[in-house]
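> Here you go, sequence then predicted model.
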Amino acid sequence: MPSYATDETINELIKTSENLVIVDFTASWCAPCNILAPILDDLDEEFGDDLSIYKIDVDNSPEYAKRLGIRGRPPLLFLKNNAEGERHVGVPA
């Protein structure tokens, strides 16, 4: 299951990960976020040794999302070696 991160912990988690990192900006009230959650759970189960997935609840930890200009839901941020690769907004079809 993906781990939860906060504004205070996310930078260190990304910096120390040797894996591809997916950051999921989520909120309990976000219907598309709730649709995406089991998909990320499946990815984590299948690729957990090569992939790190961190969820940030934007209601409890809004600063990291603000700093990156995250507005749409659910955004996914892909990083490797502490560098942003891609962003994807919405539930994959």
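Looks like it arrived, so ask away.
> what ranges do the strands span in this structure?
Here the chain has its strands, by DSSP state E, at 3-5, 20-26, 51-57, 75-80, 83-89.
> Which of these has the lowest mean pLDDT?
Of all these, mean pLDDT reaches its minimum on strand 83-89 (a mean of 80).
> Taking strand 75-80 as reference, get the angle to the longest helix seen in the chain.
Taking DSSP state H as the criterion, the chain has its longest helix at helix 31-47. Interaxial angle of helix 31-47 relative to strand 75-80 (axes from the mean of the first three to the mean of the last three CA atoms, to 10 degrees): 30 degrees.
> Which positions in helix 31-47 come out as buried?
Across helix 31-47, burial judged by 16 or more other CB atoms under 10 Å covers Cys33, Leu36, Ala37, Leu40, Asp44. Backbone N, C-alpha and C define where each C-beta goes, glycine included.
> Look at the third one and report its pLDDT.
With respect to pLDDT, Ala37 has a value of 93.
> any idea how far it is from Ile53?
Plainly put, Ala37 is 11 Å away from Ile53 if you go by CB to CB, to the nearest Å.
> How about the last one?
Here the distance between Asp44 and Ile53 works out to 5 Å (CB to CB).
> which residues are common contacts for these two?
The contact sets of Asp44 and Ile53 overlap at Pro2 (CB atoms under 8 Å, 6 or more residues apart in numbering).
> Run through the bridge partners of the closest residue to Tyr54 other than its chain neighbours.
Among residues not flanking Tyr54 along the chain, Ala5 sits closest, at 4.2 Å (CB to CB, 6 or more residues apart in numbering). Bridge pairing for Ala5 (DSSP bridges) gives the partners Ile56.
> Can you tell me how far Ala5 is from Arg71?
19 Å.
> Settle it for me: which of the two has more neighbours?
Comparing Ala5 with Arg71 by other CB atoms under 10 Å, the one with more neighbours is Ala5, at 22 against 10.
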